[in-house]
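Asker: Generate coordinates for the sequence data below:
(chains A, B, C and D)
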Number of protein chains: 4
Amino acid sequence: MVKVAILGATGYTALELIKILLRNPQVQITAATTRQEGAPPIHTIHQSLAGRLDLACEDLSPTQIASRAEFVFCCLPHVASMEAVPALLAGGCRVVDLSADYRLKNAAVYEKWYGHAHTDAGRLPTTVYGLPELWAERIPPQKLIANPGCYTSASILGLAPFLKQAWIEPTGIIIDAKSGVSGAGRAPKLNTLFSECNESVAAYSAGNRHRHLPEIEQVLSDACGHSVEAIFTPHLIPMDRGIIATIYGRLKKTATDAQLIAAAREFYAGKPFIRVVDHLPATKDSAYTNFCDITVRQARGQAIIISCLDNLIKGAAGVAVQNFNLMCGFPETTGLLI
Amino acid sequence: MVKVAILGATGYTALELIKILLRNPQVQITAATTRQEGAPPIHTIHQSLAGRLDLACEDLSPTQIASRAEFVFCCLPHVASMEAVPALLAGGCRVVDLSADYRLKNAAVYEKWYGHAHTDAGRLPTTVYGLPELWAERIPPQKLIANPGCYTSASILGLAPFLKQAWIEPTGIIIDAKSGVSGAGRAPKLNTLFSECNESVAAYSAGNRHRHLPEIEQVLSDACGHSVEAIFTPHLIPMDRGIIATIYGRLKKTATDAQLIAAAREFYAGKPFIRVVDHLPATKDSAYTNFCDITVRQARGQAIIISCLDNLIKGAAGVAVQNFNLMCGFPETTGLLI
Amino acid sequence: MVKVAILGATGYTALELIKILLRNPQVQITAATTRQEGAPPIHTIHQSLAGRLDLACEDLSPTQIASRAEFVFCCLPHVASMEAVPALLAGGCRVVDLSADYRLKNAAVYEKWYGHAHTDAGRLPTTVYGLPELWAERIPPQKLIANPGCYTSASILGLAPFLKQAWIEPTGIIIDAKSGVSGAGRAPKLNTLFSECNESVAAYSAGNRHRHLPEIEQVLSDACGHSVEAIFTPHLIPMDRGIIATIYGRLKKTATDAQLIAAAREFYAGKPFIRVVDHLPATKDSAYTNFCDITVRQARGQAIIISCLDNLIKGAAGVAVQNFNLMCGFPETTGLLI
Amino acid sequence: MVKVAILGATGYTALELIKILLRNPQVQITAATTRQEGAPPIHTIHQSLAGRLDLACEDLSPTQIASRAEFVFCCLPHVASMEAVPALLAGGCRVVDLSADYRLKNAAVYEKWYGHAHTDAGRLPTTVYGLPELWAERIPPQKLIANPGCYTSASILGLAPFLKQAWIEPTGIIIDAKSGVSGAGRAPKLNTLFSECNESVAAYSAGNRHRHLPEIEQVLSDACGHSVEAIFTPHLIPMDRGIIATIYGRLKKTATDAQLIAAAREFYAGKPFIRVVDHLPATKDSAYTNFCDITVRQARGQAIIISCLDNLIKGAAGVAVQNFNLMCGFPETTGLLI
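Answerer: Next up is the predicted model:
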């Protein structure tokens, strides 16, 4: 039995984490935290958990958490996360951090994009980025895993086969990404009100102003051994769940659709959560699952790569549990193939 | 008083046309057609017209239509349209054709993309493409106008300032477009069922397989005086109305966001339906209007142009009425600024 | 030319008001207020007004407003409204108040439902409730009109023909109402976030806890001359616009569907915004219009009345302009039949 | 290992059935049928099954099905179902029939509501209605179970505690129900197109014209031992999944909200899929689950019962698997608590 704590349990990602962990009989959720007063039962925060989990959300210190749990999923916002993680590790917990705080290797890059000096910069160079499809072997021994961003996973999983196998140029890549609204979190804000987002699409952070861009470029550059550069434009879509990244890369050589699909399929052979498909996938096909659906077309010397996943599952809670499974020695798919 | 007929009155575009025309007291809608039997009152086909228009939808021949109307909006599907238009013109009607049948100049290109030999090919070279923002002066004297496609208008209106003023390269353009579902028409099909489209985004016709691509390239090539080439990827978005085209073009020279916005603003000075804005527009801002909202950002040598419009209005019925207004001598904005 | 001010211009109702008023060439919007600092241009608050209205939203006192405008639409929240209205009237303005502050005749009832003592209670007994379909003749001479609530209008317009003509019993009425989310306003709140409301329906304020109930009962009791009692259950629906009230009333005598429909049609003869229809109306039929669509069915001794309207237009801004038109001597439909 | 066939595998209910059955390692899906030619792989019909189930959809006779499967979920439309079921039973299969064909006890009532003479009427009186919360003990020995309708389950589960315990009168009940669009099936029809349903709510079959009404009344009358009569008004809601039934029943005695909630909670004690909650449940809370969430409020002598469930799971595929589990001796919750 693994005793697990969820830090920052009021958000959408935490809810998905809990639902997934409830499917693993060897997991016991022993703590869930919130800064709300009064230790509200979790089903008053997430009504869908009524009858599923009898647990109060408490305002706990890292020391208290470490006394109750051996594994922590940290769903705090950035900055808050790097304030909690060192104490959790010191308390003996293993941690999957779902914030952005440990994803970037370079503290200066972190500060530039997040507007805050990194307070645990010493840990950045050695923290493993938890994308199991690229380097599952690095994950099991870790104490701390930086869980990938949602746009990041969709983009990297789509691009990796074609960059690592040198089908496309590593510069001039265009990632036009579209996400459901749950990716924007559960804090009340004008721009995520129903009446603002519904029946509307808009780009945001256009002109390479989105924080997932440096993460995408860093991971792909690491994976390929050379610099990768992209334009990244995210869009908000009036739906709950799902990301589709439509990615354009200049082909280095002539290729048919079938050759490109075969290359991706071979690259991901044996990976249980990547489905390389012949058809054009819809986000709905992978919604509420841990699958990432990928296909590719070519036209006029460009590869047009399509990558779809559920932003809260494969883009957050699902991959977090993949990492947890690998770290704990459970089968990678535990709780995730439903 | 202009007597107007609507051919193919059961679709969404026809409904919008009727609503717009009802705002012009100098227009009388004298005929609306359908192949449905029994001459159903139009409010049984479009319930929103209850109390607004007392007219039966009839199965009328071109001769019958010409005896009742001097101006015809042809909302028939392609092929059906080119079967009706010659007789309408012969009967003395002036026509705005909202199908694709008269948009392409080259009958072979038409046949390649629409899978049907053109039966009125002689009229293609001289038919004017009805995009008033590019050539309003061509439109007034015409008997027949080819009304633009929805993706086409969004794409061309976004690109024209930057191509005609040589800010961007004419090749390697990427148009990543997203449309609401009403653009797919009102004929019952599996892929436009609510439960298929809702809560989902998917690309379709990826790999330059969409029929609006040759139209975009033809019009922009004509407008610029040299060949323009693009990759075009449309996506279906779970909303009723609106298109956003996110367009990537390689800058020929260094430019700031402000310079690019100013260039677009100058290009469209005096055009009542183009709003060049500083912010990133949402499709909702122009939904149910005849506006096209445009802005631009730059990053890493690319211009990222955003163009939004309502696919049924500025992308279909609204521009059709702009053309009608110009042809009939009404102010261009009649019925369209609400 | 009537000089008009909008108090509380940042909300959805104010936006609709502005759009409607822009269609009346005899209206000039001379002031719009907000408590936001810096006098932001209104198109930065409502992007859809870009190019339509060049006006700053200012933090103005009633005296300043009265110096700029002769007519005021007060879109402030309750309590704030009754703090502003007396000064506006004293300054010589005529006012349509869209809040709940002047709807209830009895200050004690107001205090019970709104949790706040009424500070302008002397004006309650004489303030006219602005439902033109019931008493258009009362409205023209007024200085102050209490504009109806959205659920209230849908419910009253559906019930009035059958209560006033004594087709149904005045007690035991059940109003099961469903509203789009825009009715909940534009202030960021957890329960109106996209990811909370989307893909979900829930009842709220069930058990006669909603503030529109006393308003419905008061107006219907006044209209009928005897007490009317109902159960009222509102539901939130994942759509922007529209209310449908499904109303159950016990028939006092046997009646066919046709007789009941005919009774409603006769009751509303000559009313330009009420469409009594034979079919079951959808909220979409009246969305973005000032129409209220009504029909009725009977079964097992119950009349099942269906009443649909756009909550922001016929349920708020549209009826406000109807009242304005009547007060200013414009035709009742000015700006409202589009 | 239980060999299972799915008849009529192309619809939404069949898809959910397959997803649930894939979670039971003791089930093998050995056949799936369609009338489409060419035996398409099931993942071409349901893209979300890519990589999950490698099976062709075939056009099989009952004899062929019986040779491959011992248990059949019949997802055919009504009429088609009663043509297949006798042969399946004759072939030795046990059957859960998800159509309406075996739900009504009286062939004349069936013919009245379904417009078709019943061709297997002899089996009606003895076929068990598969609502495990009311009579789990009847289900295990059956060869054929009539699976409940979606509105029916929501309505009956909400009403049963209060009717069977005589809290409310058995007549004059009003069921105002709202369903997501997936309940209308996957056959392309105008009224379930995205652009028709989206952003709209409408009642349909108002005036007791919906086929689930006689089913509701029959089952409740059987359960209570006396006649139960209701008004039933279904509405279509712009969402994929979920039903909320808001039910009004006249209280026979004074009761508080707490007493009524306690009565329901006691009634359903030990039932794993019924959650009697204090809050007002949203359909989203039970979406994608087999839970039915119930609460109740009182006002003016009426009980206002709220009952929510996922129409495709607890309203169709989930309860079908509950029945299957009971018939096969699996724990009732197998595959259903995720």
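
Asker: for stretch A:259-272, which positions count as buried?
Answerer: Across stretch A:259-272, burial judged by 16 or more other Cβ atoms under 10 Å in any protein chain shown covers A:260-261, A:263-265, A:267-268, A:271-272. All C-beta atoms are positioned from the backbone trio N, CA, C, and that covers glycine.

Asker: and for that stretch, what are the contacting residues?
Answerer: A:133, A:160-162, A:164-165, A:167, A:274, A:276, A:278, A:294-298, A:303, A:332-333, A:337 (Cβ atoms under 8 Å, 6 or more residues apart in numbering or on different chains).

Asker: Using PDB, write down the CA coordinates of that stretch.
Answerer: Extracted in PDB, the C-alpha atoms of stretch A:259-272 (Å, rounded to 0.1, in the frame of the first residue of the first chain):
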ATOM      1  CA  GLN A 259       5.900   6.800 -44.800                       C
ATOM      2  CA  LEU A 260       5.500   9.500 -42.200                       C
ATOM      3  CA  ILE A 261       2.800   7.600 -40.400                       C
ATOM      4  CA  ALA A 262       4.900   4.400 -40.500                       C
ATOM      5  CA  ALA A 263       7.900   6.300 -39.000                       C
ATOM      6  CA  ALA A 264       5.800   7.600 -36.100                       C
ATOM      7  CA  ARG A 265       4.300   4.200 -35.500                       C
ATOM      8  CA  GLU A 266       7.700   2.600 -35.400                       C
ATOM      9  CA  PHE A 267       9.000   5.300 -33.100                       C
ATOM     10  CA  TYR A 268       6.300   4.600 -30.600                       C
ATOM     11  CA  ALA A 269       6.200   0.800 -30.900                       C
ATOM     12  CA  GLY A 270       5.400  -0.700 -27.500                       C
ATOM     13  CA  LYS A 271       4.300   2.600 -26.000                       C
ATOM     14  CA  PRO A 272       0.900   1.800 -24.500                       C
END
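
Asker: Centre of the chain to that stretch, how far?
Answerer: Distance of stretch A:259-272 from the chain centroid (Cα atoms, centre = their mean, to the nearest Å) equals 21 Å.

Asker: Show me what the host helix or strand of A:E215 packs onto, helices and strands only.
Answerer: Using DSSP states H and E, A:E215 sits in helix A:212-224. Secondary-structure packing of helix A:212-224 (3 or more Cβ pairs under 8 Å, 6 or more residues apart in numbering or on different chains; DSSP states H and E): helix A:107-114, helix A:150-164, strand A:230-236.

Asker: Can you list the strands that the last one pairs with?
Answerer: To tie it back to what came earlier, the one meant is strand A:230-236. Using DSSP bridges, strand A:230-236 pairs in its sheet with strand A:173-179 (parallel), strand A:202-203 (antiparallel).

Asker: out of the ones you listed, which comes closest to A:D222?
Answerer: Closest approach to A:D222 among those (Cβ to Cβ): strand A:173-179, 15.7 Å.

Asker: domains in chain A, as residue ranges please.
Answerer: A:2-126, A:151-311 (automatic domain parsing).

Asker: and the shortest one, does that touch chain B?
Answerer: No: legend: contact between domain A:2-126 and chain B by Cβ under 8 Å from any Cβ of the partner chain is lacking; minimum distance shown is 14.5 Å.

Asker: where does A:I42 sit relative to A:I6, distance-wise?
Answerer: 9 Å (Cβ to Cβ, to the nearest Å).

Asker: mind listing the strands for chain A?
Answerer: Per DSSP state E, chain A carries strands over the ranges A:2-7, A:27-33, A:57-58, A:71-74, A:94-97, A:128-129, A:144-146, A:173-179, A:202-203, A:230-236, A:243-250, A:274-276, A:292-299, A:302-309.

Asker: and the fifth one, how far from the chain's centre?
Answerer: In this case it means strand A:94-97. With Cα atoms, centre = their mean, you get 13 Å for strand A:94-97.

Asker: Quick one: mean pLDDT for that strand?
Answerer: Mean per-residue pLDDT for strand A:94-97: 98.

Asker: That strand pairs with which strands?
Answerer: strand A:71-74 (parallel), strand A:144-146 (parallel).

Asker: May I see the buried residues of the first one?
Answerer: The neighbour-count check on strand A:71-74 (16+ other Cβ under 10 Å) flags A:71-74 as buried.

Asker: Rebuild those residues as CSV, extending it with distance to C:N290 and pLDDT.
Answerer: Converted to CSV, the buried residues of strand A:71-74 look like this (distance: Cβ to Cβ, whole Å; pLDDT from 0 to 100):
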residue, distance to C:N290, pLDDT
A:F71, 59, 98
A:V72, 56, 98
A:F73, 52, 98
A:C74, 52, 98
